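**Student:** Turn this into a model:
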Amino acid sequence: MNLIPTQDIAGHCLHAFTQLIPASRAAFYCVDRHLQAHDFSLHGMSSEMHRDYLDNYRQFDPLQPSNCVCDEQAVVPLSLAMTRQPVRDSQRYRSFLQRYGVVDVVEVFARRDGQPQAAISLLRTAEQGAFTPQQLSQLGALQTLLQLAVAHLPAQADALDGLTPKERQIALLLREGVSNKHLARELNVGLPTIKTHLINLFRKVGVSSRTELVSALFL
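**Tutor:** Residues are numbered from 1 along each chain as shown. You can find the predicted model right below:
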């Protein structure tokens, strides 16, 4: 099987999905073995919005892969996903969407060996309105194309097996470029503790900076 660069697959999938099912913003991303989204390709979404999501709201997103891994549905609407998490978390995520004028979101997953391998997130504004049942059905048909496309993605090697669970968590967050403040909030520790973790992680991997760490583990 010929492997196709991820960016090429992302571009073609985003174009096809947004042409057939109108969406003001969309994102294609891959999912690693730890159910973390990475390698985002954005369509119509500002870098500011995406950074705000990563730094402040991703942990409240009911559609992130770790929340949908046990779901047999390939197309997961926001309304359904929100019923599976605490109301307070859903309210926080809804406040993020409202800040950017988004009224509805749907996630379309492609799996390999039963695990999410990649997904497309489609976001709609008030002008477009919520996704209709007919459009959700159409997305179910389009998912087959996404599944075929993802079959041509390079298999992901796991470079994190030598790390502890906490070190893996930090490394995955660093790959997204999050700040030390976000790391502290995500791990529920103080900034001095984060700096200690980073020093230990750099020493373990044999690097001296965030950029070198990400390159050593993921590139």
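**Student:** Helix, strand or coil: sort out residue 177 for me.
**Tutor:** Secondary structure for residue 177, judged by DSSP: H, G, I helix; E, B strand; the rest coil, is coil.
**Student:** That one touches residue 50, doesn't it?
**Tutor:** No - Residue 177 lies out of contact with residue 50 (C-beta atoms under 8 Å); the separation is 10.3 Å. Heads up, the C-betas are built off the backbone N, CA and C, glycines and all.
**Student:** and for the two, which residues touch both?
**Tutor:** Counting by C-beta atoms under 8 Å, 6 or more residues apart in numbering, residue 177 and residue 50 have no shared contacts at all.
**Student:** Buried residues, the helix or strand of the chain with the lowest mean pLDDT. List them.
**Tutor:** When the helices and strands of the chain are scored by mean pLDDT, DSSP states H and E, helix 210-218 comes last with a mean of 83. For helix 210-218, the neighbour count (16 or more other C-beta atoms under 10 Å) marks 210, 213-214, 217-218 as buried.
**Student:** which helices and strands sit right next to that helix?
**Tutor:** The contact analysis (3 or more C-beta pairs under 8 Å, 6 or more residues apart in numbering; DSSP states H and E) places helix 210-218 against helix 165-175, helix 191-205.
**Student:** got the angle for the longest one vs helix 165-175?
**Tutor:** Counting by axes from the mean of the first three to the mean of the last three C-alpha atoms, to 10 degrees, helix 191-205 lies at 90 degrees to helix 165-175.
**Student:** Contacts for helix 191-205 next, please.
**Tutor:** Contacts of helix 191-205 (C-beta under 8 Å, 6+ apart): 162-163, 166-167, 170-171, 180-181, 183-184, 187, 208-210, 212-213, 216-217.
**Student:** For the residue most central in space within the chain, list the residues it contacts.
**Tutor:** Note on the chain: the residue nearest the mean C-alpha position is residue 37, at 3.3 Å, using C-alpha atoms, centre = their mean. Residue 37 makes contacts with 29-31, 64-65, 119, as judged by C-beta under 8 Å, 6+ apart.
**Student:** again with residue 57
**Tutor:** If you count contacts by C-beta under 8 Å, 6+ apart, residue 57 has them with 92-93, 96.
**Student:** Also residue 113?
**Tutor:** So residue 113 contacts nothing (C-beta under 8 Å, 6+ apart).
**Student:** Against residue 33, how distant is it?
**Tutor:** Computed as C-beta to C-beta, to the nearest Å, the residue 113 to residue 33 distance reads 10 Å.
**Student:** okay, stretch 47-59 in PDB with CA atoms only?
**Tutor:** Extracted C-alpha coordinates of stretch 47-59, given in PDB (Å, rounded to 0.1, in the frame of the first residue of the first chain):
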ATOM      1  CA  SER A  47      -4.700  30.200  15.000                       C
ATOM      2  CA  GLU A  48      -5.900  32.300  17.900                       C
ATOM      3  CA  MET A  49      -9.000  30.200  18.300                       C
ATOM      4  CA  HIS A  50      -7.100  27.000  18.000                       C
ATOM      5  CA  ARG A  51      -4.500  28.100  20.600                       C
ATOM      6  CA  ASP A  52      -7.300  29.100  23.000                       C
ATOM      7  CA  TYR A  53      -8.800  25.700  22.600                       C
ATOM      8  CA  LEU A  54      -5.500  23.900  23.200                       C
ATOM      9  CA  ASP A  55      -4.500  26.000  26.200                       C
ATOM     10  CA  ASN A  56      -7.800  26.400  28.000                       C
ATOM     11  CA  TYR A  57     -10.600  24.200  26.700                       C
ATOM     12  CA  ARG A  58      -9.500  21.000  25.300                       C
ATOM     13  CA  GLN A  59      -9.900  19.200  28.600                       C
END
